[in-house]
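Student: give me a 3D structure for the following:
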Amino acid sequence: MSLLAAVGRAVLALLAAIGRTALFGIETVSHLFRPPWYPREFGHALLQIGYFSLPVVGLTTIFTGGALALQIYAGGARFSAEAVVPQIVAIGMVRELGPVLVGLMIAARVTSSIAAEIATMKVTEQIDALVTLSTHPMKYLTLPRVLAATLVMPLLVAVGDVIGIFGGYVVGVNRLGFNASTYLRNTIDFLEPLDIVSSMTKGAVFGFLAALMGCYYGMQSARGAQGVGSATKTAVVAASVLILAANFILTELFFAA
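Tutor: Residues are numbered from 1 along each chain as shown. This is a model prediction of the structure:
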């Protein structure tokens, strides 16, 4: 009975955490339709989440695209199917690897930054000061970051997809001996509009989840330096797990037979 009680407590705690997070997300979205708005904070969030994430997104996807081309060529050689490298690199990057890798990189870079920033503000009582100045913390801190991440992530995913395919192209042409024009033609002909739509949709959902987790756990941070560190760690873990879970659900919705 003690084991069952422990399992029950864990399940109830998990459900309670999911409920609190869902309510936090609903409240955040509700503020989108009620003034005041803070365009300066929104612009700053766009810059931090979008522009300054381009280097890590580019480096991650170009090496992944190159490695994917090598792996597919080596695997395809066992069945005399080396010619499928351009098609599989394109579909692999656009449907799965591009959105997921960019999402995880944003979780590592942006979620941690948001959680640490908001948790520090809470520890130093800056959030209490906002309330004293009649400024709603969720309007000023949460909504601009979540909205910016949701809007800019599809663009980051699109850039990551293109750079990843380019990495596969460079390896395919210079290392594996593919004809450049044939490689590009096979890549373009094989992709379908649904592949691109699914990639952009995943990017928007992943951006929303990554920013939301950073804001939520930052707001829930305990006092002290240890509380800030714990909030940051938990936010990154939660964002990464939710991104992977959402990726499975969206893939099932878009591509289920």
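
Student: who touches the host helix or strand of residue 71?
Tutor: Residue 71 belongs to helix 54-76 when assigned by DSSP states H and E. By Cβ atoms under 8 Å, 6 or more residues apart in numbering, the surrounding residues in contact with helix 54-76 are 82-85, 88-89, 92-93, 97-98, 101-102, 105, 109, 156, 159-161, 163-172, 175-176. Quick note: C-beta positions are derived from backbone N, CA and C, even for glycine.

Student: which strands and helices sit next to the helix or strand that it is followed by?
Tutor: Per DSSP H and E, the first helix or strand lying C-terminal to helix 54-76 is helix 85-92. Contact analysis of helix 85-92 by 3 or more Cβ pairs under 8 Å, 6 or more residues apart in numbering; DSSP states H and E lists helix 54-76, helix 143-174, helix 180-190 as its packing neighbours.

Student: nearest spatial neighbour of the spatially most central residue of the chain, skipping sequence neighbours?
Tutor: Centroid-nearest residue in the chain: residue 103, 2.3 Å away (criterion: Cα atoms, centre = their mean). The spatially closest residue to residue 103, leaving aside those adjacent along the chain, is residue 206, at 3.5 Å (Cβ to Cβ, 6 or more residues apart in numbering).

Student: how about residue 158?
Tutor: Using Cβ to Cβ, 6+ apart and skipping the chain neighbours, the partner closest in space to residue 158 is residue 200 (6.8 Å).

Student: was I right about that neighbour contacting residue 152?
Tutor: No - in this structure, residue 200 is not within contact of residue 152 by Cβ atoms under 8 Å, at 11.8 Å.

Student: ok, the two, which is more surrounded?
Tutor: Neighbour count, other Cβ atoms under 10 Å: between residue 200 and residue 152, residue 152 has more, with 24 against 18.

Student: so for that one, what's the nearest residue that isn't a sequence neighbour?
Tutor: According to Cβ to Cβ, 6+ apart, the nearest residue to residue 152 is residue 50 (3.8 Å).

Student: same deal with residue 169?
Tutor: The shortest distance from residue 169 to any non-neighbouring residue, by Cβ to Cβ, 6+ apart, is to residue 183 (5.8 Å).

Student: could you pull up the residues touching the one you found?
Tutor: Contacts of residue 183 were listed using Cβ under 8 Å, 6+ apart, and they are 85, 86, 169, 172, 173.
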